[in-house]
Each structure stands twice: as structure tokens, then as C-alpha cells.
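Peer 1: After the sequence you'll find the predicted model.
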Amino acid sequence: MMVKILDVLIGGLLMGGIYALIAAGFSLQYGVARVLNVSHGEFIMLGAFATWSLYTLWGVNPLISLILCAPIFFIIGFIIHRTYYKRLRISSESLAVFEGNSMLASFGLLFIIQNIALIVWGAPVKGYSYLAYPVSFFGAVFSANRIVTLFASVILGFIFYLFLARTRLGKAIRAAAQDPDAAELMGVSINQVLALCFGFGSMMAGLGGLLISMTSVMITPFMGLEYTLIAIIVVVLGGLGNIKGSFIGGFILGLVGTIVSYIQPGLSLVAYYLIFLLLLSVRPTGILGK
Amino acid sequence: MTRRYFWPGILVLLLILLAGFPRYASAYKVIFLTNVLMYVIITLSWVIFSGATGYISLAPAAFFGVGVYASAILSKSLFLPVFIAIGGLASFCLAFLVGALTLRLRGMYFTMFTFGLVELIRHFTQWWEVNVTGTVGRLVLALDHTTIYYAMVIIFLLVLLTSYGIRRSKFGLALQSIGECEEAAAHTGVNVTRVKVFTFALSAFFIGVVGATMTMRWQYIDPPTAFDIRLSFMPVLMAIFGGMGHLYGPIVGASIFSVLDEILATKFPYYYMLLFGVTMFVVILFMPHGVEGVIQKWRQREKGGPSEKT
Amino acid sequence: MRILEVEGVRKNFGGLAAASDVTFHAQDGEIVGLIGPNGAGKTTLFNLVSGALTPDSGLIRFKGKNITGLKPYQITRLGIARTFQSVKVFPKMSVFNHVLLGYSFGNPKSTPADETLKEITEILDFVGLSEMREFRSKDLILAHQKRLEVARALATKPELLLLDELMAGLNHTEVLQAMELVRKIREKGVAILMVEHVMKAIMDICDRIVVLHHGEKIAEGRPEEVATNEAVVEVYLGE
């Protein structure tokens, strides 16, 4: 019995850590840059595929891929914002119009990325095995890769938290999320911050995908959508624009999902949606929202 | 005098052409046109709600899929008009529920919720078929393409008349007011929530009906076929490209893109969505009001138009 | 008869008390002015009366009936109409249709088409927008857009009209025209509650004035009384 609980707990924390990461990235993109990036999950998918390629084709250790992929995904996101979303923002009549337009543009981006993945990697399911040997933890048996992933997501989350709380840039981002105009007056270059946030968002998605791929999950070009939804639900749960909330919400949802999967596998997304529904009916601002 | 009968005249002509089409055209062309009609209807339905109110719904694929399943389950025991009506009704009810819960909130929450609806229902249906009914996918009694074609023409006519009727009515005025300034509309006596929810459900009805009808072309359906996110994407792209101010916008946009869709889907089945994704990207940035907007701007430049401000 | 009674109304936003225990009333056919420095809570009060916001506590009565917590469309249909500080017209809608909308949806009973047309024409004449009935509201100058808001509100046949800064942004001539319009509305028997910064207008037209500051009522009375009230003078001079 104790073993089962531990199994579910650790599993929940594991998924929670990954959810927290991808939700925080999504929150940065929507909370600060005001882009509801429905293609977020596709970056996750790319992260998974990139890791797979690096591992199976060139034998690169996924943990090393982490260091390689982070800057690449960041740059991709940064460039996409600078070249496209920034222009869209300028040409949109109001913030509300921009939010709608950028969401639709992201919808287009979803198909662009998904199709590129289809072309490059093809439709058949992929996966790889890394650190797949069993490890005993208080009597419960886990795959080593899951333990490593758990630690990695916690560490990444912590690094990110420190970045937001302690560094100048992090503070500028938080200021921009709260009040863009005031932040601009204080000398924060808003355009830079927006592009950086978008870049960080895609970076965290890529890293999330990397971690997901390590848990021996099936990698396909169509896996992204589900994670986008999870990110949306977590962000609403934690409060739109509230990054700390995204972390907490991620863990809550991860735990819920693992429990539900234990009782009835395949219904975790339904459970998430019921929570979503409940949230929107009772407290749309989320648990930490205003 | 001739002005008044121009558009109805065009409509009658169009209907005559559509009605006579199967007699002179090949089966392939009839099926092709059926597909075009499908997109036109879904786009028009989408515009009835999202075009008027500005609340972007990404749920068409969900309503289509509900219609598909209603049809698949009931087609063996009921007549065509009955089960497609039920398909429409099921979608209506789903939309009513979703709308009642999420349309009280900011537009973005609504959009987010509708975006996930497709995936949610697909997941749930998959789970249901695996765990409850035991078989994934269903066999469907297919109908001949001509019957389906005529059904689609009738549905097209219904949506067109409904769209037109709404635009000319006080209800349409209320819808317009919600889209242009919801707070003022509420203070002018419009029960905004009721209007929004009903209109959303109405647009879902037609999409469900189309889904139920189109099922008859396939012999087998399963959750991924029925709930395909592309069916949420294409109508939105078509409406934006064509423009939503007048009725011709969505029809033009849907016609052009569905033709493109047919051609590209056969030639590059795995790659063509890339092109549409890029199109969306480009259209949003450079012509957010679509073809209509471009025509409108051209007209304004030529005429000037009445204005107190110059 | 007291047409509007606001009793002990409170509204908080986060830590900010936008309305603190506000109590006042308006009589049938009165013109009551609502003044106070920026941020005093005037528009919040309007939002509370019109149903856009719900009070945290307190009561609002209209013609003796409790309307606290009702939705805006319900309150409009009961007989309270309003205009907005930042003019909220429907940009692409014609002047005529604005009034038609108000007439059709702001009144519980429907009327036959020819009578509707007659009444709408009357309203447009009343505010002086007859010639612009086909114009889209975005093509009107500000003064006319404000008149349109009033016309739209009048179409709902209100017994109480809330005017939020009707004179803001108008030049001297337009202000005089607006004041004339307000008098004409009162002559029709409609009570008016108006928020204004243009002091001349307030002092000239209002029967009574209520002064707010930081969400609290600090003074109430006839214009002459309020003008010489120490607390009021201090609040405005300190601005």
C-alpha cells in the first residue's frame, strides 16, 4: 500500500515538475508578451524530437542535450517574436485585437511546426531508452530516468525562480507582467523584454519536451496539442499571468493526473478539463489570481 | 427597382445551377462540390457567432465530430433528416452548455476552453470506445453521393437564409452591439449572455448537422477522423481571409480555400497544412480584415463616404 | 417621491475602498449633481446603480424596489439609463439603429413598426440628430456622439438618467447646447443624476449636489450651500 502511494506521489511530482515548467513558459508568453501561444505544445514536441535525434543518431546524452537545446530554443522563440509578433503588435488597433490576432497567428504556427516535424521525422511513433534501469526508493521501484527527470525539473524550476526573483532582468520581466507602461517609464525596454519572455517560453517548452522524452514516452508529431491544453489549464488554475501560480498549479495538476491515471488510465485529460470547468465556473482568476 | 431583385436573383440562379449540377457533372465533381459546400457552411456558421460578437470559437471541430458520432450511432435506425437533425441538436446542447459556462467570462477564457474542447472530446470518445463499447471506430452505412450533395445544398440554403435573417433583424442588431461594445449593449437593455449563448448554440447546430451529413460519405469513423483540429482551423482561416462584414466574404474565402484544400490534400497529404499555416500567419499580419477589408479600403479611397470628420 | 435611494453602499477593489458607506437619494424629477476630485468614486457609484458592479454591502432602491445585484439589462428595462464617461457608441452602427436598439431592447413591451418609427424620429429630433440618422457613429464628432448616447438612453424610456461627464471634451458652445438638452430632459419628467467636472454647468442646472471624496460622501445640499461648504472648498483647493 505504502509503495503504491509512493509510486503515485513520485509520479505525480514528476509530471507536476514538467507541467510546472511548461506552464511557466506559457505563462510568460501570455502574461507578459500577451500572446496566447497555442503552438506551445509543438515546441515541446520539437524538444522531444531534438533529444531523440541527438541521442539515437549521435549518441548525445540527453542531459547534455539540455545544455545544447536551451539556447537554441530560446533563440528560435526570440526571433519569432522579434520578426513577427512585434510587428503584429504594432499593427493591431488595441491590445484586445492583438491578443486575438496573435492567438490566431499561433494557431497557424501550430500547423507550420507540426508539418515541419512530419517532414523531418515522419509520422511513425518514436522513442528511446536512456537510464531505463530500475532503482529502488523506499521499497518502490522506479526507472532511473524518471528520478533524474524529477530532479532535473525541480532544479530547472528553481533556477528559473531564482532568475525571476533575484536578477535585474527577472525583476524587469515581473514589472512588465504587472504593468507594462510603468515598467517602460522605469527604463525597461519593453520590446526587448517581450521578445526575451517569448524566447524563455519556448526554451522552457523545449526543455519540457526533452524531459518528457526521457520518461520513455511515445514521441510523435501530434503529441503537442495535449500539452498545450495542460499548459492552458495549469495557467488558469494558477492565475493568468501569475508565474508562481503556474508552478503550484503544475504540481497540483500533475498529482491529480497521476492519481486519476492510476484509477482509470486514459481519463486524465478529462479530469483536467473538469477542473478547468470548475475553475471557470467558480473562480476564473485562479487560486493565486487577483 | 432592379437593385432590389439583384441578390435574390443571383441566389435563385445559383440554386438552379446547384440543383442541376449532378445531372451534368461527374461523380468526382459532385463530391468535390460537396466538400466545398461543407466548408462554406461551417465557415458561415462560425461567422454567425464569432464574426458578429468577436468571441473567437475554436470549437467547430468538436461540434462537427458530435454530429459525426450522432450520425454513426443513429443512422442504422433512423431516416436521414431525423438523425442529422439529432446530430445538430446534440451539438446545439453541447454548445449551449459550454456557452452558458464560459461566455460570462472574458473572451480569452472562452477561446481557450473551446480550443481544448476538440481534444477533450476526442480523448473521452477514445476512452469510451476502448473501455465501454470495446471497439474503437464504427462502421457507417454509406449513402450515395448525390443524396449527400442535395442534403448539403439544402443545409447551405438554410444557413444562408438564417445568416441573412439574423443580420436584418433586431436580434442581429443586438449581436452587432455586443460585438462593438458589450458593456454599452448590456446597458441598452440587451440580455447579452442570453444572446451570446443562443447564437453560439445556433452556429453549433449547423456545424453538427453538416458533420452528421458528411459521415455518410465514409464507411468507417473513429475519434481522430471525427474530431480533427484542422476542422477548427480551416473555417477560421477562411472567414478571416474572406472577411466577415458581409455575407459574401465567408463564402468567397471558404470556396477558395476548400478548392485549395482538395487539390493540395490529394497531392501532398502530409505537407499541405504547412502552407495553410503560413497563409494564416501572413493573412493575420497583412490583411486582418481579409479580402473584404481590402475591397473596403479600395472603395473608401475611391468614394470618400459621408463623414462629419474630414 | 424618492426615485433613487442609495443606502450605506460599499465597494472595495483589493485594498481600495471605492465607495464607503455612501448614502444619498434623488427625488422624482430632480437634477442631482455628483462631484468630487478624480478618483473620488463617482463613476464607481454610477456602475453600482446601473448594475455594472455589485455592492459589497448596502442597498439600492429604485422607485421603492430593491435593485441591488440586478444585471444591467434588467435595470435598464426597469427605467434607469446611463451614458458613459468615455463615450461608448457602436462605431459601425448607424445613429438610427442605436436608437432602435435602445427602443427595442430597453423596453419590456414591444410596439408596432410604424409607432416605433415615429418615436425614434421624435427622439432623434429631440436631441438634434435627425439629419445624421444614417451616419455611422464613428463618423460623428464627439459632441454628436455624446448626444447619440443620450438618445440611445432616452429610447429605453428611463425615469432616471445617469449622465457621466456629458460635458467633458466639449467646447463652450457645445457645453451650452448640452446644458439646454439636460433642461429639456428634465422638462419631460426624467430625473437626472449627473457627474460633472464643469462647475458652471453643475451650479447652473442642479437642484442638489452630492460631493464625494475618497469614496465617501462629504457634503450634500443646494449648489450655494455646497459652494461655500468648508470641507468641499478644502478638498478642491488642496487639489
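Peer 2: Looks like it arrived, so ask away.
Peer 1: wait, does the one helix or strand in chain B whose mean pLDDT sits lowest contact chain A?
Peer 2: When the helices and strands of chain B are scored by mean pLDDT, DSSP states H and E, helix B:290-303 comes last with a mean of 76. No: between helix B:290-303 and chain A, judged by CB under 8 Å from any CB of the partner chain, nothing touches; the nearest distance is 12.1 Å. All C-beta spots, glycine's among them, are computed from the backbone N, C-alpha and C.
Peer 1: for that helix, the distance to its chain's centre please.
Peer 2: Chain-centre distance of helix B:290-303: 25 Å, with CA atoms, centre = their mean, to the nearest Å.
Peer 1: Return the list of helices and strands in contact with it.
Peer 2: helix B:230-242, helix B:248-267 (3 or more CB pairs under 8 Å, 6 or more residues apart in numbering or on different chains; DSSP states H and E).
Peer 1: would you turn the ones you listed into JSON lines with mean pLDDT and distance to chain C?
Peer 2: Shown next, in JSON lines, are the helices and strands packed on helix B:290-303 (pLDDT from 0 to 100; distance: least, CB to the nearest CB, whole Å):
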{"stretch": "helix B:230-242", "mean pLDDT": "94", "distance to chain C": "17"}
{"stretch": "helix B:248-267", "mean pLDDT": "91", "distance to chain C": "15"}
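Peer 1: Burial-wise, tell me which of those comes out on top.
Peer 2: Most buried of the helices and strands packed on helix B:290-303, by mean neighbour count (mean count of other CB atoms under 10 Å in any protein chain shown): helix B:230-242, with a mean of 25.
Peer 1: Get me the contact residues on chain C for chain A.
Peer 2: Residues of chain C lying near chain A (CB under 8 Å from any CB): C:G14.
Peer 1: hang on, C:G58 in a helix?
Peer 2: No: under DSSP: H, G, I helix; E, B strand; the rest coil, C:G58 sits outside any helix and is assigned strand.
Peer 1: pretty sure it contacts C:V6?
Peer 2: Yes: counting by CB atoms under 8 Å, C:G58 does reach C:V6; the two are 7.4 Å apart.
Peer 1: any shared contact partners between these two?
Peer 2: Counting by CB atoms under 8 Å, 6 or more residues apart in numbering or on different chains, the common neighbours of C:G58 and C:V6 are C:V22.
Peer 1: Neighbour count for those two, which is higher?
Peer 2: Remark: of C:G58 and C:V6, C:V6 carries more neighbours, 24 against 18, as counted by other CB atoms under 10 Å in any protein chain shown.
Peer 1: Look up phi and psi at that one.
Peer 2: Main-chain torsions, C:V6, degrees, to the nearest 10: phi -110, psi 120.
Peer 1: Check the one 4 residues further on too.
Peer 2: Torsion angles at C:R10 (phi, psi; degrees, to the nearest 10) stand at phi -130, psi 140.
Peer 1: How about the one 3 residues further on?
Peer 2: Recorded main-chain torsions at C:F13 are phi -120, psi 110, according to degrees, to the nearest 10.
Peer 1: burial measure for it, as a count.
Peer 2: Residues contacting C:F13 under the criterion other CB under 10 Å number 12.
Peer 1: quick one: it from C:D21, how far?
Peer 2: 16 Å (CB to CB, to the nearest Å).
Peer 1: Three-state assignment for the residue nearest to C:V175 when sequence neighbours are not counted, please.
Peer 2: Spatially, and ignoring its direct neighbours in sequence, C:V175 is nearest to C:M167 (5.0 Å; CB to CB, 6 or more residues apart in numbering or on different chains). Using three-state DSSP, the structure places C:M167 in coil.
Peer 1: just to revisit the earlier point, now the helices and strands packed on helix B:290-303 in a markdown table, with distance to C:V195?
Peer 2: Listed next are those as a markdown table, based on distance: least, CB to CB, whole Å:
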| stretch | distance to C:V195 |
| --- | --- |
| helix B:230-242 | 40 |
| helix B:248-267 | 41 |
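Peer 1: So which of those helices is nearest C:T228?
Peer 2: In terms of CB to CB, the element of the helices and strands packed on helix B:290-303 nearest to C:T228 is helix B:230-242, at 61.2 Å.
Peer 1: hmm, the closest one touching chain A?
Peer 2: Yes: using CB under 8 Å from any CB, helix B:230-242 reaches chain A at B:230, B:233, B:236-237, B:240.
Peer 1: what's the span of stretch C:147-160 from first residue to last?
Peer 2: Chord length of stretch C:147-160, first to last residue, is 17 Å (CA to CA, to the nearest Å).
Peer 1: ugh, wrong one, stretch C:56-72
Peer 2: Span of stretch C:56-72 from end to end, CA to CA: 17 Å.
Peer 1: Show me what counts as buried in that stretch.
Peer 2: Neighbour-count burial for stretch C:56-72 flags C:58, C:60-63, C:67-68, C:70, C:72 (criterion: 16 or more other CB atoms under 10 Å in any protein chain shown).
Peer 1: Among those, which one lies nearest to chain A?
Peer 2: C:P72 (19.5 Å; CB to the nearest CB).
Peer 1: What residues does the closest one make contact with?
Peer 2: By CB under 8 Å, 6+ apart, the neighbours of C:P72 are B:183, B:186-187, C:50-52.
Peer 1: Tell me which residue is most central in chain C.
Peer 2: Residue closest to the mean C-alpha point of chain C, counted by CA atoms, centre = their mean, is C:L162 at 1.5 Å.
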